[in-house]
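Peer 1: got a predicted structure here, sequence first:
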Amino acid sequence: MAVAALIIAALYFGREVFVPVALAVLLSFVLAPFVIRLYSWRVPRTASVLVVVFFGFAIIFSLGGLMVSQATRLAAKLPGYQQTLSDKIESLRGLMGGSGTLEQASAVLKELGTELQHGEATTGRSDNGLSRQASDRTLPIPVEVKQPDPGALTTLAKIIEPLLSPLTTTGIVVIFVTFILLQREDLRNRLVRLVGSSDIQRTTAALDDAGKRLSKLFLTQIIFNAVFGLAIGLGLELIGVPSAPLWGLLAMILRFVPYIGALISAIFPLILAAAVGSGWQMLVLTALLFVVLELLAGQVLEPLIYGHSSGLSPVAIILSASFWTWLWGPVGLVMATPLTICLVVVGRHVERLKFLEIMLGDRPPLSPPQLAYQRMLAGDPLEAAEQAHEFLKGASLEEYCDTILLEGLRLAEADRRLGHLDEERLNRIASTVDELVADLEAHHDLDSPALDMSANPGAAIAIEQARAQRKLIEEESRSPRSVLCIPGSGKLDEATALVLSYLLRHRGFEAMAEEADALSTAKFFSLDMTDTSLACLCYVSQPSTAKIQDVVRRLNKKNADTRILLALFGTGAATPSMGAVGATTCAGSFGAALDAIVQTAARQRDPTIVDTKDITAT
């Protein structure tokens, strides 16, 4: 924090130096592609730089001169618009029903002021006549002081003094841009050496990323905003708003400020349209022009041309605009987005500054499994369900359960092994998964519309196979509890059992899940396995082989006719052999467990089936 405070203080107090340097660096990113193109055409480097710099600043100076001339012409015409604007205000006042509370209060204050002045005048008249006569005899003699005419040099100095600072800044920018473009490779090599010659690959990647992103962003934004400003200027000219080129240039410049730039640029044309037009037609047309063009540019054209995002989050854009405006004034407002993009690029490639990318970048701060796990910890099934519905628009249900939900439960199991989860949080995770499964079961079933085969053929094929398996399973009669999903040893295992039972019902099985303590000594004797054809032991933890053998032996004693499947969902869990534990085993994912259950059910119908690939044919 101390280093950050020192850097901000240096940027603030040294803005007279840093602002021209920052402008020069940003302009060099804009002009560098043109220099490279001329150099590739065998034009000498010095000539290429001078030509590009000359034409670039000639365009900038021409636009600046146009703005000054239009502003001067507008200033000369403004007094003529005062009466029209006053009439508009009076008409608005009439529409709003006469004077309001504030106007009445103002009238009362004016009357009180008049009374006070009247009282002072009366007191003055009541003074004695001698005092008045004495004051009449001692009236001051008026004295007029005349300054000598200033010389030509003094007048010239007063004219040049306001222009001195902008001209100095412009000259520094031109010089810096020229030398940066001339010494581009040398500056790049020195920066590589300064940042880290021991890791040239990472430094080069950072410089290339910054150069390509900034050059592409600046050029695209300049061209796009120029077209936007041209459209605004032409539209205002057709409407009849005075100094239309000035407002077009202002709209082009302010549109570099995201979200609010176009709205700010519309304020002065709207006021001028209200002052010039005799009615309200010009004001309405001006407002429609800005609204339609901004919606067309921001919502339609920008996403098609260079994507909807510049690499920054919306909150970061607003905060950066406020920060750089406070630091460097209006120039900082225009440069806020490019400078913040530079910080994001640095944070992406420098490990100690990674927080800059996390705070300012537009990449998701949490991966989908991390977000799912975080919502489980918070006990928020609504946001978890929203994430699931969004994912299921382009993928199958089994993909969601394996890639997001199961990975989130594995993160929870890792924290549980480290002792970071107490009983309350474990109960909250299981409860959230239960509510999430209920929401998915209410909104997603096999009778929903099929996915587009061209958009996601893998997910569509998986659903079609599931429908075929469901039809096959439903052909034979079975008990309401044909598959019983039993948690291994805790709440997280209960969550996996809930998800697996839901997926089984999704495929057409009659399945249900037991509670976390179903295998405990107190509740095992009350465990109902009547008419259960398959018991699936679910573990997201990593149980020992001896523990699994004990559970399988107890279940076999409970119901010898029930087949037992051991489903291991933990990360890196070793799959014990069937002979070692006395049960069929599978590991890795919900998809593997579903395939094993479907294969086991098919074997019960036809013992000749030995492979999952033969299920559909059978």
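Peer 2: Sure thing, it's come through.
Peer 1: alpha carbons only: can I get stretch 519-537 in CSV?
Peer 2: Listed next in CSV are the C-alpha coordinates belonging to stretch 519-537 (Å, rounded to 0.1, in the frame of the first residue of the first chain):
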residue,chain,number,x,y,z
LEU,A,519,-24.5,-47.4,7.1
SER,A,520,-24.0,-46.4,10.7
THR,A,521,-24.6,-49.0,13.4
ALA,A,522,-27.7,-47.2,14.7
LYS,A,523,-29.4,-47.1,11.3
PHE,A,524,-28.1,-50.0,9.3
PHE,A,525,-30.6,-52.4,10.8
SER,A,526,-33.5,-50.2,9.7
LEU,A,527,-32.1,-49.9,6.1
ASP,A,528,-34.8,-51.2,3.8
MET,A,529,-33.3,-53.2,0.9
THR,A,530,-36.5,-55.1,0.0
ASP,A,531,-36.9,-55.6,-3.7
THR,A,532,-33.6,-53.7,-4.4
SER,A,533,-31.9,-55.2,-7.4
LEU,A,534,-28.8,-53.0,-7.2
ALA,A,535,-27.1,-51.2,-4.4
CYS,A,536,-24.6,-48.5,-5.4
LEU,A,537,-22.1,-47.4,-2.8
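Peer 1: flag every buried residue along that stretch.
Peer 2: 519, 527, 529, 532-537 (16 or more other Cβ atoms under 10 Å). To be clear about C-beta, it is placed using only N, CA and C from the backbone, and glycine gets the same treatment.
Peer 1: with distance to L343, secondary structure and pLDDT as extra columns, can I get the residues you listed in TSV?
Peer 2: Listed next are these as TSV, based on distance: Cβ to Cβ, whole Å; DSSP: H, G, I helix; E, B strand; the rest coil; pLDDT from 0 to 100:
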residue	distance to L343	secondary structure	pLDDT
L519	54	coil	83
L527	59	coil	82
M529	62	coil	80
T532	60	coil	81
S533	61	coil	84
L534	57	strand	86
A535	57	strand	87
C536	51	strand	88
L537	52	strand	88
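Peer 1: state the pair within those that is farthest apart.
Peer 2: L519 and S533 (19.2 Å; Cβ to Cβ).
Peer 1: please enumerate the strands of this structure.
Peer 2: Along the chain, the stretches classed as strands by DSSP state E are 483-487, 511-513, 534-539, 563-568, 584-587.
Peer 1: quick one: which of those is nearest S86?
Peer 2: Short answer: strand 511-513, nearest of the strands of the chain by Cβ to Cβ, at 76.9 Å.
Peer 1: same for the closest one, what does it pack against?
Peer 2: In terms of contacts (3 or more Cβ pairs under 8 Å, 6 or more residues apart in numbering; DSSP states H and E), strand 511-513 is packed against strand 483-487, helix 491-507.
Peer 1: closest one to A287 among the ones you listed?
Peer 2: Closest among the helices and strands packed on strand 511-513, using Cβ to Cβ: helix 491-507, at 53.1 Å.
Peer 1: packing partners for the closest one?
Peer 2: Checked by 3+ Cβ pairs under 8 Å, 6+ apart, helix 491-507 has helix 397-400, helix 406-417, helix 423-443, helix 457-474, strand 483-487, strand 511-513, strand 534-539, helix 590-605 packed alongside it.
Peer 1: from the chain's centroid, how far away is that helix?
Peer 2: 34 Å (Cα atoms, centre = their mean, to the nearest Å).
Peer 1: what do you get for stretch 2-16?
Peer 2: 28 Å.
Peer 1: over to stretch 558-566?
Peer 2: 52 Å.
Peer 1: stretch 537-550 now?
Peer 2: On Cα atoms, centre = their mean, the centre of stretch 537-550 falls 44 Å from the chain's centre.
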